[in-house]
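Novice: Task: produce atomic coordinates for the following.
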Amino acid sequence: MTIYFRLMIIEKIISAIFPSRCPFCRKVIREEEFCCEDCKKKFPNRVIKSLAKWNFTCISSFPYCENFRKAVLTLKKQKTLGIPLGKILAESITEGYADFHFDIITAVPLYKSKFKKRGYNQAEILAREVSKKISVPYIEVLDKIKNTKDQHLLKGRARMFNVLNAYRAKDKDIIANKNILIIDDIITTGCTLGECARVIRKAGANKVYCATVCRA
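Specialist: Reported below is the predicted structural model:
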């Protein structure tokens, strides 16, 4: 038996033990699917675009409710959900930003202690999958240098001051004159993405856009 056929058998065994599941309702689905048909019927007809009050453009695949909310919350505990959610987000980006060109895809970074505790950055998992699907390189252009409080624990202007100066550009030469797409799992008040966009613009980017799985 060749190595190729051995690998095929191993993959089939793994698929049987750990079948692909819908990221929203957890039903078993075919490997080539990214969600079940029942959940797909609940998808909004169009991607959700940002409000004018934000100083950047952001599109989101879903409202932050029901199974969409559950999927985003589960992503922070189960990194493999980032693959199907990233594929869905890539479709939203292709539709919502059809007339835009991106040079770099990046993710909102985590502070080092939070990254160590969780073991991964869910925004990075999403961004890397989007990068594969739309053929734009993924590059980490930001560091998080301030251990901020969780945004969902704060309200109003406190959220803005919480993330102010929390991020730093890694390399201005990489950022300069580039069109950059920032990925995150959810947008609520827009303070986190807004601060990331501000830092990237200050570092010399040409244009900055954002995309998330959900919008509250």
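Novice: List the pairing partners of whichever strand or helix holds I183 within its sheet, with orientation.
Specialist: Taking DSSP states H and E as the definition, one finds I183 inside strand 179-187. Strand pairing for strand 179-187, using DSSP bridges, gives strand 104-107 (parallel), strand 207-215 (parallel).
Novice: I'd like to know which elements whichever helix or strand comes after that strand is packed against.
Specialist: For strand 179-187, the succeeding helix or strand toward the C-terminus, using DSSP H and E, is helix 191-202. Packing partners of helix 191-202 (3 or more CB pairs under 8 Å, 6 or more residues apart in numbering; DSSP states H and E): strand 142-144, helix 157-163, strand 167-169, strand 179-187, strand 207-215. Heads up, the C-betas are built off the backbone N, CA and C, glycines and all.
Novice: Could you export those as TSV, including mean pLDDT?
Specialist: Converted to TSV, these look like this (pLDDT from 0 to 100):
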stretch	mean pLDDT
strand 142-144	97
helix 157-163	88
strand 167-169	97
strand 179-187	96
strand 207-215	94
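Novice: So which of these is nearest C22?
Specialist: strand 207-215 (14.4 Å; CB to CB).
Novice: Would you mind getting the angle between the strand holding I183 and helix 191-202?
Specialist: 170 degrees (axes from the mean of the first three to the mean of the last three CA atoms, to 10 degrees).
Novice: quick one: the residue lying closest to N55 once chain neighbours are set aside and A203, what's the gap?
Specialist: Once flanking residues are discounted, N55 sits nearest to G194: 6.2 Å by CB to CB, 6 or more residues apart in numbering. Per CB to CB, to the nearest Å, G194 is found 15 Å from A203.
Novice: so K87 touches R128, yeah?
Specialist: No: the pair K87 / R128 is not scored as a contact, 11.5 Å apart, by CB atoms under 8 Å.
Novice: The closest residue to F62 other than its chain neighbours: which element?
Specialist: Nearest residue to F62 in three dimensions, chain neighbours excluded: F68, at 3.9 Å (CB to CB, 6+ apart). Taking DSSP H and E as the definition, one finds F68 inside helix 66-75.
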